[in-house]
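1. Predicted structure and sequence below. I'll ask about it afterward.
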Amino acid sequence: MNQAATERLLTVRDLRVEFPTADGTVRAVDNVSLDLGYGERLGIVGESGSGKSVLSRTIMGLTRSRTARVTGEVILDGRSVLDLSERSRRSMWGRDVAMVFQDPLSSLHPIMPIGEQIAEAVRRDASVTRREAGARAVQLLETVGVPLAAQRAKARAHELSGGMRQRVAIAMAIACRPKLIIADEPTTALDVTVQARILDLFDELCREFRIGLVMISHDLGVVGRHTDRIAVMYAGRIAERGPVAHVFARPAMRYTSALMAAIPRHDGARRTLPRPIRGLPPNLADPPAGCRFSPRCAHAGDACHEAAPALVEVEGEPGHEYACWHPGSDVTPPGGAGQGQGPAPAHPTSSEVLR
């Protein structure tokens with residue numbers, strides 16, 4: 001864990017988010033609990049439709065549909081986000097929490113110069129003059145590594161590359177020095193060189209300013225190298241969570257093992273093709289009984305189809321929790337009765353994922 005994370009910045013407790021639909025009620029987030037400290041980096045991974053983005057937007061206070069039902073607690077820096085008025089939530093954005101979206105072109109103004117957009121975020125502080133905000137915008141562009149920042153500040157979003165636009169989005173996110181940044185697939189559409197620079201920038205911001213980071217990604221390698229802890233989501237629930245090194249070295253939940261087995265291996269002259277997860281994620285308007293991964297799991301038994309397993313801690317690994325009736329062969333299952341049934345699917349070692 002990041003040494004800067006000595007205090008609790010974010011607490012999510014028993015969070016549920018439901019959306020009534022014509023096919024039934026969809027519980028997109030189901031009893032999720034998380035903690036994050038100042039300066040700590042949390043990665044959230046899982047397939048599309050697992051609830052990652054709904055969770056992040058609810059933490060931001062953006063899940064405000066009239067038909068949405070949200071219960072539980074979201075405490076950010078001592079304030080209950082779910083109990084805030086609309087006006088109070090808006091005042092929180094930028095100052096306490098900011099989001100970096102996957103596609104910056106859709107979140108940036110198409111006509112306004114990027115310098116003015118960043119300055120507008122800076123001027124949320126009423127004591128800052130227009131001239132000071134403009135100068136601060138250029139400084140922020142320099143901070144995120146935009147060359148010729150004063151000139152780039154006059155450009156429109158469509159005149160910049162994808163990497164530059166993402167840096168602008170990050171500059172806007174840190175304009176008011178928030179306590180928490182939520183990055184929703186921030187590097188998916190970028191080439192690996194630009195991706196590495198942006199991820200290194202997030203690391204630097206967390207170290208220097210003690211900003212908490214929630215990074216949502218499909219890329220286990222990115223999460224492994226640039227976060228302290230990981231939460232694996234499946235069908236709206238937490239399937240496994242804990243320190244990155246522990247989860248990757250000893251994945252306990254079968255879904256986590258399956259995700260890791262889906263990564264191609266390149267170990268010297270030996271190459272192993274990825275093993276795709278069979279089937280599809282469940283319909284959350286009518287989820288299966290028991291463990292929601294059981295219809296796709298080769299190791300599922302009777303208990304898996306009858307009752308949902310609770311999160312339990314891996315013996316000898318504090319903070320490493322999983323929800324599985326039949327975990328990997330070297331993990332004692334809930335209740336301590338016997339060992340996991342059969343070996344976990346082959347997956348890259350922790351050093352290969354973290355490389």
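-> Received it, and whenever you're ready, just let me know what you need.
2. The residue most central in space within the chain and residue 303, how far apart?
-> By CA atoms, centre = their mean, the chain has its centre lying nearest to residue 216, at 2.6 Å. Plainly put, residue 216 is 31 Å away from residue 303 if you go by CB to CB, to the nearest Å. Glycine gets a C-beta too; all of them are placed from N, C-alpha and C.
3. wait, the residue nearest to the centre of the chain sits on residue 182?
-> Yes. With contact defined as CB atoms under 8 Å, residue 216 counts as touching residue 182 (7.5 Å).
4. Between the two, which contacts overlap?
-> Here residue 216 and residue 182 share the contacting residues residue 56, scored by CB atoms under 8 Å, 6 or more residues apart in numbering.
5. Let me know the secondary structure of the nearest residue to residue 72 once chain neighbours are set aside.
-> Leaving aside its sequence neighbours, residue 72 sits nearest to residue 15 (CB to CB, 6 or more residues apart in numbering; 3.7 Å). Three-state assignment for residue 15 (DSSP: H, G, I helix; E, B strand; the rest coil): strand.
6. Would you mind naming the residues that bridge with residue 15?
-> Residue 15 forms beta bridges with residue 32, as assigned by DSSP bridges.
7. cool, the one 4 residues further on as well?
-> Going by DSSP bridges, residue 19 is paired in beta bridges with residue 26.
8. rewinding a little: tell me the contacts of the residue nearest to the centre of the chain?
-> 43, 44, 45, 52, 53, 56, 182, 183, 184, 185.
9. State the distance from it to residue 253.
-> 19 Å.
10. what do you get for residue 279?
-> 16 Å.
11. So those two - more neighbours on which side?
-> residue 253 (29 against 10; other CB atoms under 10 Å).
12. Pretty sure residue 171 sits in a helix.
-> Yes. With three-state DSSP as the criterion, residue 171 is part of a helix.
13. What is the neighbour count of it?
-> 28.
14. one step back: of the contacts of residue 216, closest to residue 320?
-> Comparing the contacts of residue 216 against residue 320 with CB to CB places residue 43 closest, at 14.3 Å.
15. Assign the closest one to helix, strand or coil.
-> Residue 43 ends up strand, using three-state DSSP.
16. ok, it - contacts?
-> 215, 216, 217, 222, 223, 224, 226, 227, 229, 230, 231, 244.
17. and these as a markdown table, adding distance to residue 26 and secondary structure?
-> Shown next, in a markdown table, are those (distance: CB to CB, whole Å; DSSP: H, G, I helix; E, B strand; the rest coil):
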| residue | distance to residue 26 | secondary structure |
| --- | --- | --- |
| 215 | 25 | strand |
| 216 | 19 | strand |
| 217 | 23 | strand |
| 222 | 28 | helix |
| 223 | 26 | helix |
| 224 | 31 | helix |
| 226 | 31 | helix |
| 227 | 28 | coil |
| 229 | 28 | strand |
| 230 | 25 | strand |
| 231 | 20 | strand |
| 244 | 30 | helix |
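18. Turn the residues you listed into TSV, including distance to residue 314 and pLDDT.
-> Below are the contacts of residue 43 laid out as TSV (distance: CB to CB, whole Å; pLDDT from 0 to 100):
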residue	distance to residue 314	pLDDT
215	23	95
216	24	94
217	23	89
222	24	89
223	19	91
224	18	90
226	23	94
227	19	95
229	14	96
230	14	97
231	15	97
244	14	95
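19. and of those residues, the nearest to residue 271?
-> residue 224 (19.7 Å).
20. What is the burial count for that closest one?
-> Neighbours of residue 224 (other CB under 10 Å): 23.
21. wouldn't it be in contact with residue 246 here?
-> No. Shown here, residue 224 and residue 246 do not form a contact pair, counting by CB under 8 Å, at 11.6 Å.
22. before we move on, which element is residue 35 in?
-> Using DSSP states H and E, residue 35 maps to strand 24-37.
23. Which parts of that strand count as buried, going by neighbours?
-> 26, 27, 28, 29, 30, 31, 32, 34, 35, 36, 37 (16 or more other CB atoms under 10 Å).
24. Find the nearest non-adjacent residue to the third one, please.
-> Spelled out, it's residue 28. residue 54 (4.3 Å).
25. The fifth one now?
-> With CB to CB, 6+ apart as the measure, residue 236 is the residue that lies nearest to residue 30, at 4.0 Å, once sequence neighbours are left out.
26. and that neighbour, what is it in contact with?
-> 27, 28, 29, 30, 32, 50, 51, 284, 292.
27. same thing but at 10 Å, please
-> 16-18, 26-32, 46, 49-52, 54-55, 281-282, 284, 287, 292 (CB atoms under 10 Å, 6 or more residues apart in numbering).
28. and what of residue 138?
-> 115, 118, 119, 146, 149, 150, 151, 152, 153, 171.
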